[in-house]
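S.K.: Provided below for reference: sequence and predicted model.
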Amino acid sequence: MTVSKMDYKKEYKDLYMPGKKPGRVTVPEIAFVMADGAGAPESACYQNALSALYAISFGIKMKKMSGDLPEGYFEYVVPPLEGLWWGVSDNRDDWQWTSMIRQPEFVTPALYEAVLLESRKKKPEIDFEGVRFQTFDEGDCVQIMHVGPYADEGRSFDELAAFMEAEGLSRRPGWEEKHHEIYLSDPRRAKPERLKTVLRIPV
């Protein structure tokens, strides 16, 4: 019998599969592995952060293979990469970001630390400094599904801005220049015009 896997994208469609028109959503507190940095997505810093996040995320998922099954463990699909971005300008070197991957509910700080230690040993070429396990309580937000190249996200942000104005909403303090992206497509495989990205702004 095939064991069903928790797929957060399918289980929580309100968070990961919004419509192509702006809408409102309440996001619960969620645990992530996170890494902060600066620079464009093609920068060495960003690529190292992704390597670290995926190493830990898959390390947690495969912990069951060690015979040390975490309490409450269940089969799941590793959730998609997400990112918080601010300081976005024509100078890509100035971009600020927090990259992050959601973790299943059974992950504890102790389990994270154990997998982090294992990951450092298994992958010494990756710099894990600054990677952390943290909950993120986003709360009331507006969001939209952007379909197309990342460079064309401006049109979707314009739609979000118009929706917020019509609804009498404003960006939450501290988020005036910041936004949240969830990457549902692999840019190495999907054509630019078919890339799906959730764009979200706390209000």
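M.R.: Cool, the structure landed. Only a predicted model underlies this, so the values are computations on that prediction, with no experimental measurement involved. Numbering: from 1, shown residues only.

S.K.: contact partners for the closest residue to K123 other than its chain neighbours?
M.R.: Leaving aside its sequence neighbours, K123 sits nearest to A55 (C-beta to C-beta, 6 or more residues apart in numbering; 5.3 Å). Backbone N, C-alpha and C define where each C-beta goes, glycine included. Applying C-beta atoms under 8 Å, 6 or more residues apart in numbering, we find A55 in contact with S119, K122, K123, I126, F128.

S.K.: if we use 10 Å, what do you get?
M.R.: V33, V115, L116, E118, S119, R120, K122, K123, I126, F128, V131 (C-beta atoms under 10 Å, 6 or more residues apart in numbering).

S.K.: hmm, the first one is touching R102, no?
M.R.: Just to be clear, that refers to V33. Yes. At 8.6 Å, V33 and R102 qualify as touching, with contact defined as C-beta atoms under 10 Å.

S.K.: residue ranges with poor pLDDT in this structure?
M.R.: By pLDDT under 70, the low-scoring segments of the chain are 1-3.

S.K.: show me the residue at the heart of it, geometrically.
M.R.: Nearest to the geometric centre of the chain sits E82, at 1.6 Å (C-alpha atoms, centre = their mean).

S.K.: distance from the chain centre to the host helix or strand of it, please.
M.R.: Counting by DSSP states H and E, the element that carries E82 is strand 81-86. Distance, stretch centre to chain centre, for strand 81-86: 6 Å (C-alpha atoms, centre = their mean, to the nearest Å).
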